[in-house]
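[1] Build me a structure from this.
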Amino acid sequence: MKVLFIQPYSLPESLAGDDTSMFEPLALEYLAAGVKDICQTQLLDMRLDKSLEKTVNDYQPDVIGITGYSVHVNTMKSIIKDIRLLKNNIKFVLGGHHASVAPKDFFDIKPDYIICGEGVYAFRELILSLKGSKKLTDIDDVEISTQQEITILKQISVPDLDNYPFPDRELSSQYRQHYFSYWLKPVATLRSSAGCKFKCTFCSLWETYKGKYFIRKPENILKEIMSIEEKTIYFCDDESFLDPQNIMKLATLLKENGVKKRYHMMVRADTVVKNKEVIAAWQEIGLERVFIGVEGYNDSTLKKLNKGTTTSINEEAIKYLQSLGVSILTNFIIVQDFELKDFIALRNYIRRMKLSSVIFTVLTPLPGTQFYREVEDKLIDRQFEHIDVMHSLLPTKLPLKQFYKEIYKLYKESSSIYQRLRFISQFELKDIVVIIRLYRMVMNKLKVLYETTL
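    Residues are numbered from 1 along each chain as shown. As a prediction, the model looks like this:
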């Protein structure tokens with residue numbers, strides 16, 4: 001049996017596309033690792049390779065697995081339609097975030113199967129059933145239902161992450177040199193945990209994992225890191241440091257084994273403040289860049305977002321990371337009730353904190369969240385491509401055109417020229433060129449957005 005995995009591309013309407021970061025399709029690599037002993041596997045990463053017709057005709061797959069986020073819904077549908085014109089006896093299996101939280105959005109395309117949530121075990125059992133090795137009804141720990149002739153599989157519990165195979169990175173071997181995060185290239189992606197203990201309004205993660213946090217054993221993570229060829233590793237966990245003892249032990253093991261890598265990780269501000277010695281230990285072994293969702297410049301915004309931090313905690317974390325020399329990428333959420341004074345205050349706050357690498361996202365009701373259910377009747381934009389945290393799906397207090405223009409101005413004016421020059425001066429020339437190119441690309445997209453908004 002032959003399985004073709006497809007990573008879809010983003011349409012131009014999605015502003016937060018593949019311009020600033022493009023990571024390996026880790027979810028598909030996990031699925032491939034789970035079935036490589038029982039079938040043939042191949043990857044088509046359509047962000048880099050649009051040869052869909054040739055790949056299907058040459059490979060002749062029996063099963064096609066496609067993953068994606070909300071911005072990919074229409075792309076995934078289009079891919080299925082195109083493939084059915086080439087071959088009509090292929091079984092389609094859909095998964096990923098959007099298929100997990102809103103499977104009904106794919107009912108019109110009628111895939112054969114939809115896997116909701118963790119899919120490694122369910123996908124393997126599905127392939128075994130298609131091969132005739134076992135009956136689908138005999139699968140344990142997987143809830144199976146049928147809607148509109150589509151079989152939906154949902155993992156009942158979160159499996160022990162240490163029982164998962166390592167991702168099959170050979171699957172993406174032909175593309176790996178192209179995966180990047182900003183100027184970090186090539187970059188590998190690693191998962192050290194799953195879930196989150198916090199309940200931020202804008203996030204679906206805590207609902208997906210029911211407010212629980214699952215970790216892998218440090219010894220297991222060490223073994224995977226040592227198997228990765230790339231020098232730079234991006235930890236894709238939403239928070240890698242929520243179990244400080246576990247992640248500290250990993251840092252110790254990496255140091256003891258002489259592992260030399262560059263790391264990019266996500267961390268909460270309060271985690272930094274509570275575990276400064278852990279952050280320092282990681283900086284010593286190669287932590288080069290962290291992403292912090294600061295989200296708000298004042299306590300009222302943070303409370304509205306249910307972030308669980310305060311401005312004083314955020315500022316202490318930022319100053320500590322700056323003292324370590326760790327590059328900080330901060331995120332601020334632009335709330336729809338922002339007035340002109342809020343944009344000005346946020347711009348001044350960023351300058352005061354001397355933040356030179358900042359992204360701004362619009363508060364977005366993501367499908368699958370309680371927030372989405374609460375405001376669904378107020379949505380002014382239901383286009384999947386716009387669920388990109390850059391478009392506003394809800395009414396704004398300022399005229400929408402001005403709202404977008406103020407975001408553009410945040411990117412343009414929040415950092416002084418001195419601060420920007422100081423930021424890029426720490427990089428090699430080749431990286432500086434990439435940073436400037438990415439900045440211009442983002443600015444052009446934002447400018448087009450506000451100029452074309454009525």
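[2] Only C-alpha atoms from now on, for both contacts and neighbour counts.
    Fine.
[3] Buried ones in the helix of greatest length in the chain, by neighbour count?
    Assignment by DSSP state H gives helix 429-452 as the longest helix of the chain. Neighbour-count burial for helix 429-452, with 16 or more other C-alpha atoms under 10 Å as criterion, is recorded at 431, 432, 435, 438, 442, 443, 445, 446, 447, 449, 450.
[4] and what of stretch 136-147?
    Quick answer for stretch 136-147 (16+ other C-alpha under 10 Å): 136, 139, 142.
[5] C-alpha coordinates for that stretch, CSV please?
    This file holds the C-alpha atoms of stretch 136-147, laid out as CSV (Å, rounded to 0.1, in the frame of the first residue of the first chain):
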residue,chain,number,x,y,z
LEU,A,136,-11.8,-0.7,12.1
THR,A,137,-14.3,-1.5,14.8
ASP,A,138,-11.6,-3.4,16.7
ILE,A,139,-9.5,-0.3,17.4
ASP,A,140,-9.1,0.5,21.1
ASP,A,141,-9.1,4.0,22.6
VAL,A,142,-10.4,5.6,19.4
GLU,A,143,-14.0,6.9,19.1
ILE,A,144,-15.4,6.1,15.7
SER,A,145,-18.5,7.8,14.3
THR,A,146,-20.0,8.3,10.8
GLN,A,147,-21.5,11.5,9.5
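[6] ok, back up a step: same list (the buried residues of helix 429-452) but as CSV, adding pLDDT.
    Below are those laid out as CSV (pLDDT from 0 to 100):
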residue, pLDDT
431, 82
432, 84
435, 82
438, 83
442, 85
443, 88
445, 88
446, 89
447, 91
449, 91
450, 89
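[7] Mind putting these into TSV with distance to residue 218?
    Output for the buried residues of helix 429-452, formatted as TSV (distance: C-alpha to C-alpha, whole Å):
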residue	distance to residue 218
431	32
432	35
435	33
438	35
442	37
443	40
445	41
446	41
447	45
449	44
450	47
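[8] and the helix-or-strand element of the chain with minimal mean pLDDT, how far from the chain's centre?
    Within the chain, no helix or strand scores below helix 205-208, which has a mean of 73 by mean pLDDT, DSSP states H and E. From the chain centre to the centre of helix 205-208 is a distance of 14 Å (C-alpha atoms, centre = their mean, to the nearest Å).
[9] Can you name the element that comes right after it?
    strand 213-215 (DSSP states H and E).
[10] List the contacts of the strand or helix carrying residue 55.
    Element membership for residue 55, per DSSP H and E: helix 52-59. For helix 52-59, the external contacting residues (C-alpha atoms under 8 Å, 6 or more residues apart in numbering) are 2, 44, 46, 83, 86.
[11] wait, is the fourth one part of a helix?
    Yes - assignment of residue 83 by DSSP: H, G, I helix; E, B strand; the rest coil places it within a helix.
[12] can you pull the contacts of it?
    Contacts of residue 83 (C-alpha under 8 Å, 6+ apart): 52, 53, 56.
[13] where along the stretch 251-400 of the chain do the helices fall?
    269-274, 276-285, 299-304, 311-324, 340-352, 370-375, 400-413 (DSSP state H, counting those that start in this stretch).
[14] Give the buried residues for the third one.
    Taking 16+ other C-alpha under 10 Å as the neighbour-count basis, helix 299-304 is seen to contain the buried residues 301, 302.
[15] average pLDDT for that helix?
    For helix 299-304, mean pLDDT is 93.
[16] CA atoms only for it - export them in PDB, please.
    Extracted in PDB, the C-alpha atoms of helix 299-304 (Å, rounded to 0.1, in the frame of the first residue of the first chain):
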ATOM      1  CA  ASP A 299      -3.100  45.000  32.800                       C
ATOM      2  CA  SER A 300      -6.700  45.600  31.500                       C
ATOM      3  CA  THR A 301      -5.900  44.100  28.200                       C
ATOM      4  CA  LEU A 302      -4.100  41.100  29.800                       C
ATOM      5  CA  LYS A 303      -7.100  40.600  32.000                       C
ATOM      6  CA  LYS A 304      -9.500  40.700  29.100                       C
END
